[in-house]
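Trainee: Provided below are the primary sequence and the corresponding predicted coordinates.
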Amino acid sequence: MLSTDNSTRAPWRGQYTENMYLWWAFTAPPRSGIIDAMRKDSAKGRHTVAAVVANDLSPFEFAVACEVFGIDRSDDVGFPWYRFIVCGADPSPITTKTGFSLNAPYGLEGLRRADTIVVPASGHLAGSTSENERLLDALRRAHRRGARIMSVCSGAFVLAAAGLLDGRRATTHWMYASELARSYPKITVDPDVLYVDDGDILTSAGTAAGIDLCLHVVRQDYGAEAANVVARRMVIPPHRDGGQAQFVATPLPDVPADDPFADTLVWIQAHLDEPLAVPDLARRSAMSPRTFARRFRDTTGATPHQWLLRQRILLAQRLLERTDLSVDVIATQCGLGTATNLRQHFQRIVRTSPNAYRRTFQKDAG
């Protein structure tokens, strides 16, 4: 659950409250003797973030944690930054998906001192090996003593295998969401959002959504300005809300090229600005409306109306990303008629407004 009430924050939020940090930041010069003394006095009490690495590690997801938590931002923000350690779930050297390896300075015993534990994506998911069980047990113990635990991308499978997501809402990369829901039915899997903050357990969607979650954690711990400092250094938008939808491209279903139904799907893509009725599309596919609707659901997993609306929103996303067309013009070109209609469907499906979506991609392009 999201909360900005300092009085209800749990112990993992760190030794100092956000208000104390802001007081130090605004009343003392960043390099003053007071700040230097505070750094020395609180060195042992700094909030420790531990990243767990295992064989077949995804470098990007791991690098996100290193960039946000591992680089000392103390001089930039005016107070002691996180203490960052890397713990190996497998013996070093740890292999990665891209062909290089790395050495972890700590083993799983390092998790005992962690206030926050980050589990990036890796091939080291749930299983029956002793190494896996050691990792799952270490995560369970850390959770019992009050550590905050967060996963990036498919790292959610590790948290799920440890039982930490049972009865909770969670997310993962959209490609793996169905598998997570099927393998762990006690979890409420939300495949659409960027991240889920459930208090002491947090999960993020794929790849770049891990950045959003890490910045969210910084924002919760130290305030918006500290998160903005990190975002500026990383040259990324400072805030995308967790409820914002994953930016997912939906390809055409894999059907034989000589199938009239496949021809109809391609034709729809080129005529999204026109009125499209199911009886007309069924005739184009040489089917009855009932047969067409059944074939459509079997092939795409959605009704014709749902799929068509999604294609129109995807077209709107592309136009917002690549053009300066007004929302009214985009609504017409997508077949949604009016800007009001586009905003309504865009907000419901993408979880943000067309203008906010455009600003995000303009910042990324800049």
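Mentor: Received the coordinates, thanks. Numbers count the residues shown, from 1 in each chain.
Trainee: Excluding chain neighbours, give the residue nearest to Leu309 in space.
Mentor: His345 (6.3 Å; C-beta to C-beta, 6 or more residues apart in numbering). Bear in mind the C-beta positions are built from the backbone N, C-alpha and C, glycine included.
Trainee: Secondary structure element holding that neighbour?
Mentor: Using DSSP states H and E, the element containing His345 is helix 339-350.
Trainee: Okay, buried residues for that helix please.
Mentor: Buried residues in helix 339-350, defined by neighbour count with 16 or more other C-beta atoms under 10 Å: 339, 342-343, 345-346, 349-350.
Trainee: Could you report the distance from the residue nearest to Leu309 to Ala277?
Mentor: For His345, the distance to Ala277 equals 18 Å [C-beta to C-beta, to the nearest Å].
Trainee: What count of nearby residues applies to Gly99?
Mentor: 7 (other C-beta atoms under 10 Å).
Trainee: Tell me the pLDDT of it.
Mentor: pLDDT for Gly99: 91.
Trainee: and the gap between Ala177 and Ala302?
Mentor: Taken as C-beta to C-beta, the span from Ala177 to Ala302 is 16 Å.
Trainee: Which one of those two is surrounded by more residues?
Mentor: More crowded of Ala177 and Ala302, by other C-beta under 10 Å: Ala177, with 20 against 14.
Trainee: Could I get the contacting residues of the nearest residue to that one once chain neighbours are set aside?
Mentor: Counting by C-beta to C-beta, 6+ apart, Ala177 lies nearest to Pro191, which is 3.4 Å off, once chain neighbours are set aside. Contacts for Pro191 (C-beta atoms under 8 Å, 6 or more residues apart in numbering) come out as 171-172, 174, 177-178, 246.
Trainee: Please narrow those to those residing in helices.
Mentor: Among the contacts of Pro191, DSSP state H puts 177-178 in helices.
Trainee: Restricted to buried residues, select the contacts of Pro191 in ChimeraX.
Mentor: Command for ChimeraX, covering only those of those found buried under the criterion 16+ other C-beta under 10 Å:
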select :171,172,174,177,246
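Trainee: and the two most separated of the contacts of Pro191?
Mentor: Farthest apart among the contacts of Pro191 by C-beta to C-beta are Ser178 and Gln246. That separation is 13.7 Å.
Trainee: Which secondary structure elements does the helix holding His345 sit against?
Mentor: helix 304-322, helix 327-333, helix 354-365 (3 or more C-beta pairs under 8 Å, 6 or more residues apart in numbering; DSSP states H and E).
Trainee: Can you tell me what sits against the longest one?
Mentor: Contacting residues not belonging to helix 304-322 are listed as 247, 249-250, 268-269, 272, 276, 278, 281, 292-293, 296, 300, 302, 325, 330-331, 333-336, 342, 345-346, 349-350, 354, 357-358, 361 [C-beta under 8 Å, 6+ apart].
Trainee: Can you tell me which of those residues are classed as buried?
Mentor: 247, 268, 272, 276, 278, 281, 292-293, 296, 300, 330-331, 333-336, 342, 345-346, 349-350, 354, 357-358.
Trainee: For Phe69, grab the count of nearby residues.
Mentor: 25.
Trainee: And it, how far from Asp200?
Mentor: 17 Å.
Trainee: and the nearest residue to Gly70 once chain neighbours are set aside, what is it in contact with?
Mentor: Of all residues not flanking Gly70 in the chain, Phe84 sits nearest, at 3.9 Å (C-beta to C-beta, 6+ apart). Contacts here follow C-beta under 8 Å, 6+ apart; on that basis Phe84 touches 48-51, 65-66, 69-70.
Trainee: low pLDDT regions in the stretch 151-300 of the chain?
Mentor: 237-258 (pLDDT under 70).
Trainee: does Glu67 really touch Val235, like I thought?
Mentor: No: using C-beta atoms under 8 Å, Glu67 is not in contact with Val235, being 11.3 Å away.
Trainee: between these two, who's got more neighbours?
Mentor: Neighbour count, other C-beta under 10 Å: between Glu67 and Val235, Glu67 has more, with 14 against 9.
Trainee: The closest residue to the more buried one other than its chain neighbours: neighbour count?
Mentor: Leaving aside its sequence neighbours, Glu67 sits nearest to Met234 (C-beta to C-beta, 6+ apart; 6.3 Å). Residues lying near Met234 (other C-beta under 10 Å) number 16.
Trainee: Could you do Ala356 as well?
Mentor: 16.
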